[in-house]
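Engineer: The sequence and its predicted three-dimensional model are supplied below.
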Amino acid sequence: MRILVIEDEAKVASFIRRGLEAEGYRVDIAPDGEVGLTQAFDHEYDLVILDGMLPKRDGLSVLQEMRRHKLRVPVLMLTARDTVADKVAGLDRGADDYLTKPFAFEELLARIRALLRRGSPLSPASLSVADLKLDLISHAVSRAGTRIELTAKEFALLEFFLRQPGRVLSRAIIAQHVWGVDFDTFTNVIDVYVNYLRKKIDAGFPTKLIHTVRGVGYVIKEPEE
């Protein structure tokens, strides 16, 4: 799942990003309200974490503009403004939840999970191909009822495959979307991680789901009849 963090304090933004990426989320950072609003409109996010006090455009203004244009993505306000009036203002303008600074990261994670459980038409609770299932909320992965343990990066890679079943994905596209970097032709990191996945979700099962398209990339797809 992809989360946008609109936060001008670099240390706070970095702390949130590291924590969420360790949990398997993909995180984008916007350092001010104007950039954040542009990113929210230009990309499809599962959740937005929005600071209240931002340069160029404050959080309430960003939130109001998002809702005015019918952007339904869940928004968690994360701000030092802790009065009842501040909370009411944020919720009345369309925030789905409100957490004040300083905060415990465990509570932030719990609130994120709660918001994502509510779901949206654009954000399914789970993804699957054949007998392989990935739960986007609990991060549980199973095949034919057998639980499979994945690292955060393996989970992110499998999620990217499952969001586009049947589509051949080049290494460059995988690098950009899963690692957030341009593809370096001198590394084999992607091939290594695909092999990790294969050992966990294909090994021991009669039908293989991850396939190599020579000279192009990889694809996950339903077994052919």
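Structural biologist: Looks like it came in fine. These numbers come from a predicted model, not from an experiment.

Engineer: CA only for contacts and neighbour counts going forward, please
Structural biologist: Noted.

Engineer: State the number of residues packed around the closest residue to E149 other than its chain neighbours.
Structural biologist: Sequence neighbours aside, V141 is the residue nearest to E149 in space, at 6.9 Å (criterion: Cα to Cα, 6 or more residues apart in numbering). V141 has 22 neighbouring residues, counting by other Cα atoms under 10 Å.

Engineer: ok, V141 touching E154?
Structural biologist: No: counting by Cα atoms under 8 Å, V141 does not reach E154; the two are 10.8 Å apart.

Engineer: what ranges do the helices span in this protein?
Structural biologist: Under the criterion DSSP state H, the chain contains helices at 10-22, 33-42, 59-68, 84-92, 105-118, 152-162, 171-174, 189-201.

Engineer: Quick one: these as CSV, columns for mean neighbour count, mean pLDDT and distance to G145 too.
Structural biologist: What follows is these, written out as CSV (neighbours: other Cα atoms under 10 Å; pLDDT from 0 to 100; distance: least, Cα to Cα, whole Å):
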stretch, mean neighbour count, mean pLDDT, distance to G145
helix 10-22, 15, 91, 25
helix 33-42, 18, 92, 37
helix 59-68, 19, 90, 40
helix 84-92, 15, 84, 40
helix 105-118, 15, 86, 22
helix 152-162, 20, 90, 17
helix 171-174, 18, 84, 28
helix 189-201, 15, 93, 12
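
Engineer: Tell me which of those helices approaches L4 most closely.
Structural biologist: helix 33-42 (7.4 Å; Cα to Cα).

Engineer: From L134, how far off is T146?
Structural biologist: Noted for T146: a distance of 12 Å to L134, by Cα to Cα, to the nearest Å.

Engineer: residue contacts, the residue nearest to E149?
Structural biologist: Contacts for V141 (Cα atoms under 8 Å, 6 or more residues apart in numbering) come out as L132, K133, L134, D135, R147, I148, E149, L150.

Engineer: what does the domain assignment say about this protein?
Structural biologist: Following automatic domain parsing, one gets these domains for the chain: 2-118, 126-220.

Engineer: Can you get me the start-to-end distance on the last one?
Structural biologist: It stands for domain 126-220. With Cα to Cα, one end of domain 126-220 sits 16 Å from the other.

Engineer: same thing with stretch 201-218?
Structural biologist: Start-to-end, stretch 201-218 (Cα to Cα) is 15 Å.

Engineer: Make residue 1 into 25 and carry on from there
Structural biologist: Shifting the count to begin at 25 puts that one at stretch 225-242.
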